[in-house]
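Visitor: show me the folded form of this:
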Amino acid sequence: MNRRPAHALLALVGVACLVGGCNESSIKAQQQGEAGPPIAGLNAQDAARVIAKVGDRPITLGDYAKTLDRMDPFDRLRYQTKERRRELLNEMVNVELLAAEAKRRGLDKEPETEDAVRTILRDAMLAESRSDLPTPAEIPMADVNAYFEANAEKFSEPERRRVAAVVLADKKDAAKILKEAQKAATPAAWGDLFAKYSTTAPKGKNAGNPAELAGDLGIVGPMSDPKGGNPRVPDAVRAAAFTLPAVGAVAADIVEAEGKVYIVRLNGITPSHRRTVGESERSIRVLLLQERMLKKERDLEAELRKKYPVQIDDQALAQVKIPSGMDRWFAMDSKMWPQGDEAPPAGSAAVPAAPVVDGGAPPAPTVDGGR
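Guide: The predicted structure is shown next:
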């Protein structure tokens with residue numbers, strides 16, 4: 001069987017299967033008076049109202065409202081007119097048509113499709129486990145203050161220094177050049193020295209960089225700061241920079257590191273700073289929410305592992321061969337991957353607004369202008 005159609009329809013089949021299942025169960029629950037929380041302001045009767053059918057599969061007003069509710073608020077604004085609402089309904093109908101045909105062809109039994117549906121179900125379970133969490137703005141200020149006091153080191157920025165250097169290939173004549181550097185009192189004099197002697201000095205059209213940037217290696221923190229390193233600055237050069245008394249000062253001795261010789265100059269100082277709770281409040285709220293989300297997920301996983309026995313064959317796992325060419329991915333330094341520890345989880349920053357219909361008159365969406 002050609003698997004390309006399966007790949008093309010993975011998301012459609014997964015979504016349609018989930019929507020279809022929820023659709024039938026939600027209608028039954030609403031008929032029994034157990035509809036749960038209102039959908040985008042709809043009552044149970046309105047949410048169960050069928051606005052289209054694809055074969056024997058109904059699409060309800062509740063389904064339509066949920067589709068709108070899942071959108072980005074700006075995307076949702078596109079669907080205020082009758083024509084746009086009809087367009088969205090047609091898109092939902094097309095999803096059902098394609099999913100029905102895919103199921104008829106057996107594509108719902110393809111391993112890729114089943115994996116996609118499992119992924120959707122996983123995300124749905126995680127979203128449900130987080131449904132009672134507050135938004136960052138709803139976290140009590142007392143919790144913010146407590147976190148700030150308990151993690152004071154996270155909100156203190158140590159001194160930072162900008163380092164420049166004349167880099168030489170060996171120690172020959174280094175003492176003489178060092179003496180010249182110590183007499184180069186101005187940025188212009190330092191720039192001339194760098195251009196004349198440094199092996200890292202740009203040539204040709206790039207040689208006209210500002211004197212203030214001559215030999216710049218970047219910013220570093222003190223050796224005691226685990227985040228103060230810089231891949232362009234060897235540790236010995238970094239340590240030397242923090243012995244210099246003022247901006248413009250040049251180290252008293254040459255520094256040997258990584259097979260090169262450095263004449264180190266201090267180009268700038270940023271004083272240490274302790275952020276206030278006000279400056280840190282937003283990031284703290286996001287961190288607290290992330291912690292609570294992670295706890296919810298771990299608690300759910302622990303509960304499910306008790307409910308469904310899990311067995312792992314470590315011996316079989318050890319025999320798995322990494323496909324040729326993939327081993328380099330496993331060897332990559334973790335520092336190359338983005339940390340994003342302050343980025344808010346998707347969907348957690350705000351509660352989506354109810355669908356906008358014809359300028360916001362009624363909260364419930366309608367199709368073709370009628371209810």
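Visitor: how far off centre is the longest helix along the chain?
Guide: What stands out as the longest helix in the chain, according to DSSP state H, is helix 277-307. Relative to the mean C-alpha coordinate of its chain, helix 277-307 is positioned 15 Å out (CA atoms, centre = their mean, to the nearest Å).
Visitor: can you give me the neighbour number for Leu266?
Guide: Under the neighbour criterion other CB atoms under 10 Å, Leu266 is assigned a count of 21. Quick note: C-beta positions are derived from backbone N, CA and C, even for glycine.
Visitor: C-alpha coordinates for the host helix or strand of it, CSV please?
Guide: Applying DSSP states H and E as the criterion places Leu266 in strand 260-270. Only the C-alpha atoms of strand 260-270 are listed here, as CSV (Å, rounded to 0.1, in the frame of the first residue of the first chain):
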residue,chain,number,x,y,z
LYS,A,260,48.2,31.1,22.2
VAL,A,261,49.5,34.2,23.9
TYR,A,262,47.0,36.9,25.0
ILE,A,263,47.6,40.5,26.0
VAL,A,264,44.4,41.3,27.9
ARG,A,265,42.6,44.6,28.1
LEU,A,266,39.4,45.6,30.1
ASN,A,267,36.9,47.2,27.7
GLY,A,268,33.9,47.6,30.0
ILE,A,269,32.3,46.9,33.4
THR,A,270,28.6,46.2,34.2
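Visitor: pull the residues that contact it.
Guide: Identification of contacts with strand 260-270 by CB atoms under 8 Å, 6 or more residues apart in numbering yields 159-171, 174, 177-178, 181, 190, 199, 212, 215-216, 219, 234, 236-237, 240-241, 244, 246-251, 254-256.
Visitor: repeat the analysis, applying 7 Å as the threshold.
Guide: Applying CB atoms under 7 Å, 6 or more residues apart in numbering, the set of residues contacting strand 260-270 from outside is 159-171, 174, 177-178, 181, 190, 215-216, 237, 240-241, 244, 247-251, 254-255.
Visitor: out of those, which are buried?
Guide: When burial is judged by neighbour count using 16 or more other CB atoms under 10 Å, the buried members of these are 160-168, 174, 177-178, 181, 190, 215-216, 237, 240-241, 244, 250-251, 254-255.
Visitor: related to what we said a few turns ago, list the buried residues in the strand holding Leu266.
Guide: Neighbour-count burial for strand 260-270 flags Lys260, Val261, Tyr262, Ile263, Val264, Arg265, Leu266, Asn267 (criterion: 16+ other CB under 10 Å).
Visitor: cool, and stretch 66-76?
Guide: Within stretch 66-76, the residues that count as buried by 16+ other CB under 10 Å are Lys66, Thr67, Leu68, Asp69, Arg76.
Visitor: stretch 113-130 too?
Guide: Judged by neighbour count using 16+ other CB under 10 Å, the buried positions of stretch 113-130 are Thr113, Ala116, Val117, Ile120, Leu126, Ser129, Arg130.
Visitor: mind saving the C-alpha coords of stretch 61-80 as PDB?
Guide: Provided in PDB are the C-alpha atoms of stretch 61-80 (Å, rounded to 0.1, in the frame of the first residue of the first chain):
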ATOM      1  CA  LEU A  61     -22.800  24.100  17.400                       C
ATOM      2  CA  GLY A  62     -20.700  23.000  20.400                       C
ATOM      3  CA  ASP A  63     -18.200  21.400  18.000                       C
ATOM      4  CA  TYR A  64     -18.100  24.700  16.000                       C
ATOM      5  CA  ALA A  65     -17.600  26.700  19.200                       C
ATOM      6  CA  LYS A  66     -14.800  24.500  20.300                       C
ATOM      7  CA  THR A  67     -13.000  24.900  17.000                       C
ATOM      8  CA  LEU A  68     -13.200  28.700  17.300                       C
ATOM      9  CA  ASP A  69     -12.200  28.500  21.000                       C
ATOM     10  CA  ARG A  70      -9.000  26.600  20.100                       C
ATOM     11  CA  MET A  71      -7.900  29.400  17.700                       C
ATOM     12  CA  ASP A  72      -5.500  32.200  18.400                       C
ATOM     13  CA  PRO A  73      -7.700  35.200  19.300                       C
ATOM     14  CA  PHE A  74      -6.400  37.100  16.200                       C
ATOM     15  CA  ASP A  75      -7.200  34.200  13.900                       C
ATOM     16  CA  ARG A  76     -10.700  34.100  15.500                       C
ATOM     17  CA  LEU A  77     -11.400  37.600  14.400                       C
ATOM     18  CA  ARG A  78     -11.500  36.400  10.800                       C
ATOM     19  CA  TYR A  79     -14.800  34.600  11.400                       C
ATOM     20  CA  GLN A  80     -17.100  37.500  12.300                       C
END
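Visitor: now the residue at the greatest distance from the centre of the chain: phi and psi?
Guide: Note on the chain: the largest C-alpha distance from the chain mean falls to Lys176, namely 50.9 Å (CA atoms, centre = their mean). In terms of degrees, to the nearest 10, the main-chain angles of Lys176 are phi -70, psi -40.
Visitor: can you list the domains in the protein?
Guide: Per the record, the chain has its domains at 4-127, 130-158+275-311, 160-271, by automatic domain parsing.
Visitor: so which of those is nearest Ile322?
Guide: Taking CB to CB as the criterion, domain 4-127 is the member of those that comes nearest to Ile322, at 20.3 Å.
Visitor: what about that closest one, distance to the chain center?
Guide: So, by CA atoms, centre = their mean, the centroid of domain 4-127 is 27 Å from its chain's centroid.
Visitor: and Lys196, how many neighbours?
Guide: 11.
Visitor: part of a helix, is it?
Guide: Yes - the secondary structure assignment for Lys196 places it in a helix, going by DSSP: H, G, I helix; E, B strand; the rest coil.
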